[in-house]
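Following is a predicted model, sequence given first.
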Amino acid sequence: MKIAIIGSGGREHAIAWKLAQNAGWENIYVLPGNAGIPRSFSANINDFEALEQYCRENSIGLIVVGPEQPLANGIVDYFRKTDIKILGPTKSAAIMEGSKIFAKEFMRRHGVATSDFEVFDHVDAAMPYIHSKNGDCVIKYDGLAAGKGVFVCNNMPEAEAAMIEFRETYGEKSNFIVEDKIVGDEISIIGLTDGKTIRLLPPAQDHKQVYDNDLGPNTGGMGAFCPAPFYTDKLAAEIDRLIIQPTLRGIEKDALDYKGFLYFGVMMDEKGPKLLEYNARLGDPETEVLLPALNANLVAAVLAALDGSLEEIDWSWNPGFYVDVVLTSGGYPKSFPKGFAIKGLEDVDKDTLLFYAGVKSNGEDLVTDGGRVINVVCKGTTLEEAIENAYQNCNKICFEGMHYRKDIGKRILKNTY
Ligand code: GLY
């Protein structure tokens, strides 16, 4: 079967790599991909008619969607009207990610463990509520915001500054929520669902801030590891009971048409796990460690998710740990220069996986072309060994201005769970 993967980053490279294990690279089309991903072909991922024509010309029978925007734009609804299969939630189900208000009201309606919140449609209307919390709260813009739109505040001066920035960015008449802040460790639980059954990938953690020790501004993700060592059977059972099962029942009750990857951003405080958010897709950079860790035929699993037989497929995780360190352009997530030749790629160990994101070709070399440039993914028997392997291989690659965090996966080693 010929398969198209929609998207252009490290996540899509990892999806293509995993699907190619069962379908063969010659049957993979990454649209538009990038110069580092084999079988990348130029495409406008928001022009569904042109995509359909491309699929017909190339006899593509299955589409797997990486990023959220085409899902929110209704790509699944479009292709459902054709004979080309597509994995992902419909537009009205992708709203679980597309609207923070929908997501929180869904959680409340279906008894999913989450923090208290209020909904507002005007900046001024929220001020008394924010004062009642002494500014100790999280303010979230309702719509898709490409990793922005979330303001974590500790006190009134921070909350007031956040509301000024919010007003400037989104206008004073804007939909948003104010929710109680949860302090603890965050974990990404991602599964593939056919709407009834969910098959989980290993629990992962990503690292959002640009500098070591979680300092500096948020990015698209500076690295990830899996499985999280503190994910005990007891914690897994609690997350299943308090978050995953109520969500699946909610999807059925609300008749949401959800066949695809579903991402639970879970925060663990001392009172137990609570759900921060849903994403209607695989996470990035989590996917770059999760798919190497998955021991399953992903092509068969995707087809099973589409025909409702996910419960029947073989699905397990490889033993050991996986670490992804993201090499970024200097200056990212603010503005940064591009076009620097990337050297040393041929020197990395043969079992290191390189998943490419912001790269293009200058005809000779791969050169930098984005904030997040390359994901360097390594395995180890222990988390320490996987970290060591990843950093040894990062040191073999260089380009002007290259930056990466030196502490991916290390904070968790110091915690005593
Ligand atoms: N790693 C977070 C995300 O994909 O949204």
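Sure thing, it's come through.

Pick out the residue of the stretch 151-300 of the chain closest to the ligand.
residue 283 (3.4 Å; Cβ to the nearest ligand atom). Just so you know, the C-beta spots here come from the backbone N, C-alpha and C atoms, and that holds for glycine as well.

show me the contacts for that residue.
With Cβ atoms under 8 Å, 6 or more residues apart in numbering as the criterion, the residues that contact residue 283 are 11, 188, 190, 204, 206, 221, 224, 263.

make it 7 Å
Counting by Cβ atoms under 7 Å, 6 or more residues apart in numbering, residue 283 touches 188, 190, 206, 263.

Check these one by one and keep those near the ligand.
residue 206 (Cβ under 6 Å from any ligand atom).

Of the contacts of residue 283, which belong to strands?
188, 190, 206, 263 (DSSP state E).

can you tell me how far the residue located most distally from the centre of the chain sits from residue 135?
The outermost residue of the chain relative to its centre, with distances by Cα atoms, centre = their mean, is residue 128 at 34.2 Å. Note on residue 128: its distance to residue 135, by Cβ to Cβ, to the nearest Å, is 12 Å.

Output the ones in strands among the contacts of residue 283 in JSON lines; the columns should cover neighbour count.
Output for the ones in strands among the contacts of residue 283, formatted as JSON lines (neighbours: other Cβ atoms under 10 Å):
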{"residue": "188", "neighbour count": "25"}
{"residue": "190", "neighbour count": "23"}
{"residue": "206", "neighbour count": "25"}
{"residue": "263", "neighbour count": "23"}
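
pLDDT and distance to residue 298 for the residues you listed - can I get that in TSV?
Listed next are the ones in strands among the contacts of residue 283 as TSV, based on pLDDT from 0 to 100; distance: Cβ to Cβ, whole Å:
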residue	pLDDT	distance to residue 298
188	97	18
190	98	13
206	95	21
263	98	17
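
For residue 43, state which of the residues you listed is nearest.
Of all the ones in strands among the contacts of residue 283, residue 43 sits closest to residue 263, with 24.3 Å by Cβ to Cβ.

Please name the nearest non-neighbouring residue to that closest one.
Excluding its sequence neighbours, the residue lying closest to residue 263 (Cβ to Cβ, 6 or more residues apart in numbering) is residue 279, at 3.6 Å.

Also residue 242?
residue 113 (4.0 Å).

Equivalent analysis for residue 205, please.
Residue 205 sits nearest to residue 228 (Cβ to Cβ, 6+ apart), 5.4 Å away.

can you confirm the one you found is in a helix?
No - judged by DSSP: H, G, I helix; E, B strand; the rest coil, residue 228 forms no part of a helix; its state is coil.

What count of nearby residues applies to it?
Other residues within reach of residue 228, judged by other Cβ atoms under 10 Å, total 22.

check contacts around it.
187, 203, 204, 205, 412 are the contacts of residue 228 under Cβ under 7 Å, 6+ apart.

now with 6 Å?
By Cβ atoms under 6 Å, 6 or more residues apart in numbering, residue 228 lies in contact with 187, 203, 205.

Please tell me how far the residue nearest to residue 263 sits from residue 230.
Residue 279 is 22 Å from residue 230, by Cβ to Cβ.

and if you look at residue 34?
Taken as Cβ to Cβ, the span from residue 34 to residue 230 is 35 Å.

More neighbours: which of these two?
residue 34 (22 against 15).
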